[in-house]
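S.K.: Predicted model and sequence below, questions to follow.
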Amino acid sequence: MAKRYWLMKTEPDAFSIADLERLGVTAWEGVRNYQARNHMRDGMKLGDEVLFYHSSTKPPGVVGLARVSRESYPDPTAFDSKSKYFDPKSKPDAARWMMVDVEYVATFPATLSLEELRAVPGLQDMPLLRKGQRLSVQPVSADEYRIVKKLGMRARSR
DNA sequence: GCCAACGTTGGC
DNA sequence: GCCAACGTTGGC
């Protein structure tokens, strides 16, 4: 199947692109939304490329690139009663929550902000830009990915 | 900190 | 199975 493209949101106070760069690879634990889980479980394949998005920060926006390095497997934090992501309804033999591993690819020279993205022709249909969109794992088209990557990797003076 | 937009829960 | 209440997300 053709490679797919995604956008993954994170609050940088919890986990940032700098954290990913330092670690190299991370398990995308803690997703507790069915639609986001379905994207990880059913959609994400090894080598798929990811726009890494910082939310609840100033400014929110895409800050770098990552890649799927392991396809979906059960999220162990759901089984851990001491974890803030604990879900007693998820059992090891019938895991409700799945995650993927993501590896670091690149950090943009500057945040490509949500405000800037809204002004870019060709991105108007991105789920991210839709009013009320909260999904933390979203699909991105190949064209949208190419446009965002190009703008993000370009060094800009501000 | 506010609050709109969603998703989930639970009473009925 | 409906839907009100509640909790969360996340931009502003």
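M.R.: Thanks, I have the structure now. Numbers count the residues shown, from 1 in each chain, chains lettered A, B, ... in the order given.
S.K.: Report how many residues lie close to the residue in chain A positioned nearest to DNA strand B.
M.R.: Of all residues in chain A, A:Gly132 sits closest to DNA strand B, with a separation of 2.0 Å (Cβ to the nearest atom of the strand). All C-beta atoms are positioned from the backbone trio N, CA, C, and that covers glycine. Close neighbours of A:Gly132, defined as other Cβ atoms under 10 Å, add up to 4.
S.K.: what's it sitting at in phi/psi?
M.R.: Dihedral angles phi and psi of A:Gly132 (degrees, to the nearest 10) take the values phi 80, psi 10.
S.K.: Show the pLDDT at it.
M.R.: Predicted confidence (pLDDT) for A:Gly132: 86.
S.K.: can you check A:Leu51 too?
M.R.: You'll see A:Leu51 listed with a pLDDT of 98.
S.K.: next one: A:Ala155
M.R.: Per-residue pLDDT puts A:Ala155 at 62.
S.K.: same thing with A:Lys82?
M.R.: For A:Lys82, the model assigns a pLDDT of 84.
S.K.: Next one: the residue of chain A closest to DNA strand B from DNA strand C, what distance?
M.R.: In this structure, A:Gly132 and DNA strand C are 8 Å apart, going by Cβ to the nearest atom of the strand, to the nearest Å.
S.K.: give me every residue that touches the single nearest residue of chain A relative to DNA strand C.
M.R.: Across chain A, the shortest distance to DNA strand C (Cβ to the nearest atom of the strand) belongs to A:Pro60, at 3.4 Å. By Cβ atoms under 8 Å, 6 or more residues apart in numbering, A:Pro60 lies in contact with A:Tyr53, A:His54, A:Ser113, A:Leu114.
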